[in-house]
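*Asks:* Sequence first, predicted model second:
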Amino acid sequence: MILSVKFIKKITSRLLVVIMIILGFFCVKGYNLYSDTIKQTPIEDIADNIQSQDNFTYYDELPQIYIDAVISAEDKRFEKHFGIDLFAISRATWTDIKTFSFAEGGSTITQQIAKNLLFTQEKKLERKFAEIFAAFALEKEYSKKELFEIYVNTIYFGDGYYGIYDASQGYFGKKPSELTDYEAVMLAGLPNAPSDYSPNDNIELAEKRMSAVLDRMIKCKKITKEKAENIMNENN
């Protein structure tokens, strides 16, 4: 019994060493990918490129409930972390190990900016490390408000709408600042799976996603349960 325990410990320690070597290898590859990418698209130029676009929407022009809904749904520790969420990454990594996949990304809003604007959507380990290095650089360069602006002005909402302004106009015929609570929360949920949740094609699924966002807002203490129920019934 003692020998078997020692043997298991020995195998486990060696396995951990192998895993660390593999991770180190991909970490170096990821840094090289990050380094090569920012030579073509400098981190400090990203905001200027986005802000120069037509209909750019600033943070202060967004309804507070939309801001709260996005953060609750996508990255509840956005205002506190430094680019990556170690809790989310740990959870996602464990899920990936159990399912032998990279289905769970554990990506923060900052990482999503890096993935969408700097890298491809490929689920490769070196790309994930590159994304992390880029997230650190983005957090160093920009404020949380600026990062949030970049995110909501570039994400895809479905039906050909990129950015919160186009989505707001396209789905509801109004500016983001004019959105009702119902409309704001619905838009906050769309980027998770824009093709599936399009209000134009499947309002039932869109409202189901919206309900899930409201549940997360309740858990994050952004709204009360009563307020969430009122929002869901707003269009009835």
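*Replies:* Yep, it's here.

*Asks:* what residue ranges in the chain score low on pLDDT?
*Replies:* Low-confidence segments of the chain (pLDDT under 70): 1-3, 5, 7, 88-106, 236.

*Asks:* Could you chop it up by domain?
*Replies:* Per the TED database, the domain ranges recorded for the chain read 1-38+82-143, 155-235.

*Asks:* Of those, which stretch is the most buried?
*Replies:* domain 155-235 (a mean of 18; mean count of other Cβ atoms under 10 Å). Every residue, glycine included, has its C-beta placed from N, CA and C.

*Asks:* ok, Met217 - contacts?
*Replies:* Applying Cβ atoms under 8 Å, 6 or more residues apart in numbering, we find Met217 in contact with 68-69, 72-73, 185, 223, 228.

*Asks:* Scan the chain for its longest helix.
*Replies:* helix 2-40 (DSSP state H).

*Asks:* residues in contact with the very next helix or strand once past it?
*Replies:* Sequence-wise, the next helix or strand downstream of helix 2-40 (DSSP states H and E) is helix 46-51. Helix 46-51 is contacted by residues 56, 113, 117, 138, 142, 146, 149-150, 153-154 when judged by Cβ under 8 Å, 6+ apart.

*Asks:* If we use 7 Å, what do you get?
*Replies:* Here helix 46-51 makes contact (Cβ atoms under 7 Å, 6 or more residues apart in numbering) with 56, 117, 142, 146, 150, 153-154.

*Asks:* how close does the residue lying closest to Glu74 once chain neighbours are set aside get to Thr154?
*Replies:* Counting by Cβ to Cβ, 6 or more residues apart in numbering, Glu74 lies nearest to Ile109, which is 5.7 Å off, once chain neighbours are set aside. With distances taken as Cβ to Cβ, to the nearest Å, Ile109 is found 11 Å from Thr154.

*Asks:* related to what we said a few turns ago, please name every helix or strand in contact with the longest helix of the chain.
*Replies:* Counting contacts by 3 or more Cβ pairs under 7 Å, 6 or more residues apart in numbering; DSSP states H and E, helix 2-40 packs against helix 125-141.

*Asks:* about what we covered before: out of the contacts of helix 46-51, who's nearest Tyr197?
*Replies:* Among the contacts of helix 46-51, Thr154 lies closest to Tyr197 (Cβ to Cβ), at 18.1 Å.

*Asks:* can you tell me which residues contact that closest one?
*Replies:* By Cβ under 7 Å, 6+ apart, Thr154 lies in contact with 50, 116-117, 162-163.

*Asks:* Go again with 10 Å.
*Replies:* For Thr154, the contact set (Cβ atoms under 10 Å, 6 or more residues apart in numbering) comprises 46, 49-50, 53, 56, 112-113, 116-117, 162-164.

*Asks:* Okay, and which of those residues map to helices?
*Replies:* Residues of those located in helices (DSSP H): 46, 49-50, 112-113, 116-117, 164.

*Asks:* can you tell me which of those residues lies nearest to Gly170?
*Replies:* For these, the nearest to Gly170 is Ile164 (10.6 Å; Cβ to Cβ).
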